[in-house]
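Novice: pasting the structure only:
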């Protein structure tokens, strides 16, 4: 099974930017749908963004649309989440996730998860 390792979290001021990376242990292109989720303190984990199985399309939660961008480097088996114009409400643990099968847009039902990386946006 694929293993996922996130990196790139940290502390940033409101309006700042961060880029998260998720390194997979095997090829993900055309094999796994890839996505980012987040979980804020006291809240349920929520979907953030996906670029599906081939990274030819993207789908975002309304709360991040226009500010976040998901992308992939297939040669490195790595998925990125570029986060701009960050807000305090973006503070959360961000998780990378993968799954083999499903339909578009793949916003739920993920089987494989990374350990998460903390993003804190100060006001």
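Specialist: Done, it's in. As the structure is a prediction and not an experimental result, all values here were calculated from the model.

Novice: distance of the residue nearest to the spatial centre of the chain relative to residue 73?
Specialist: Note on the chain: the residue nearest the mean C-alpha position is residue 36, at 2.2 Å, using Cα atoms, centre = their mean. Per Cβ to Cβ, to the nearest Å, residue 36 is found 15 Å from residue 73. Glycine gets a C-beta too; all of them are placed from N, C-alpha and C.

Novice: is residue 89 in a helix, a strand, or coil?
Specialist: Using DSSP: H, G, I helix; E, B strand; the rest coil, the structure places residue 89 in helix.

Novice: and it, what pLDDT?
Specialist: Reading off the confidence values, residue 89 has pLDDT 97.

Novice: same thing with residue 22?
Specialist: 98.

Novice: which strand residues bridge it?
Specialist: residue 6, residue 79 (DSSP bridges).

Novice: that one and residue 69, how far apart?
Specialist: 14 Å.

Novice: shared neighbours of the two, anything?
Specialist: residue 81 (Cβ atoms under 8 Å, 6 or more residues apart in numbering).

Novice: so what's residue 78 up against?
Specialist: Residue 78 sits in contact with 21-24, 72, where contact means Cβ under 8 Å, 6+ apart.

Novice: ranking those residues by neighbours, who comes first?
Specialist: residue 22 (27 neighbours; other Cβ atoms under 10 Å).
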